[in-house]
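Q: Test case, fold it:
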Amino acid sequence: MRASDRKRLYPAVGHLYPAGTSMLADVGDEDELGRVLELFPMYSSIWNVHAAGSDGKSIDDAFYERDVQMLELAFEGQMHYASFYAYVKLKEQEIRNLVWISECILQQQKEEIHKFVPVFSFNAPWRAGSNKHSRR
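A: Model prediction:
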């Protein structure tokens, strides 16, 4: 796809607009993507999760984890309409998780089953540091 065609696909709002979207339109490989994302702190941390190569996470997995983290926080706020949106989006992630698990079983790749994005899990990477829910 040509860069001019890609530029029309990017939104005209958000943290990357306008400088980031024009730089992303010119990206040709994963290394260039990393250099562009490093310039934006919000996306730099997501890129670092992928670049670290822990558990073989793709950039998609890193973005899904960030989405789930933000949606869980919105859902737990419970004093605004975002909790309804978060509920629906978290259900979509649960469906993606179920599809992933069933595909792994069908393809007999049972060692890959654990590579899903947990929803409201105490073992989630962003909850690993908090010990709020310790048992007595």
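Q: For this protein, which residues score under the pLDDT cut-off?
A: Scanning the chain for pLDDT under 70 picks out 54, 125-126, 128-136.
Q: who's in contact with Gln107?
A: By Cβ atoms under 8 Å, 6 or more residues apart in numbering, Gln107 lies in contact with nothing. Every C-beta, even on glycine, is put in place using the N, C-alpha and C of the backbone.
Q: oh, I was asking about Met42
A: By Cβ under 8 Å, 6+ apart, the residues touching Met42 are His15.
Q: Which strand or helix spans the nearest residue to Phe120 once chain neighbours are set aside?
A: Of all residues beyond its chain neighbours, the one nearest Phe120 is Glu72 (6.3 Å), with distances taken as Cβ to Cβ, 6 or more residues apart in numbering. Glu72 belongs to helix 59-77 when assigned by DSSP states H and E.
Q: Report how many residues lie close to the residue nearest to Val117 when sequence neighbours are not counted.
A: Excluding the flanking residues, the one nearest Val117 by Cβ to Cβ, 6+ apart is Tyr64, at 4.6 Å. Counted by other Cβ atoms under 10 Å, the residues lying close to Tyr64 total 17.
Q: count of neighbours near Tyr10?
A: So Tyr10, with other Cβ under 10 Å, has 16 neighbours.
Q: do the same with Glu65
A: 19.
Q: so it touches Phe116, yeah?
A: No - using Cβ atoms under 8 Å, Glu65 makes no contact with Phe116, being 10.2 Å away.
Q: circling back to that earlier point, and the helix holding Glu72, what does it pack onto?
A: With contacts taken as 3 or more Cβ pairs under 8 Å, 6 or more residues apart in numbering; DSSP states H and E, helix 59-77 sits against helix 41-52, helix 82-106.
Q: What are the buried residues along it?
A: 59, 61-68, 71-72, 74-75 (16 or more other Cβ atoms under 10 Å).
Q: Next, give me the two most distant ones among the residues you listed.
A: Ile59 and Phe75 (24.5 Å; Cβ to Cβ).
Q: Grab the nearest non-local neighbour of the residue nearest the centre of the chain.
A: Centroid-nearest residue in the chain: Phe63, 1.7 Å away (criterion: Cα atoms, centre = their mean). With sequence-adjacent residues excluded and distances taken as Cβ to Cβ, 6+ apart, Phe63 is closest to Ile46, at 6.0 Å.
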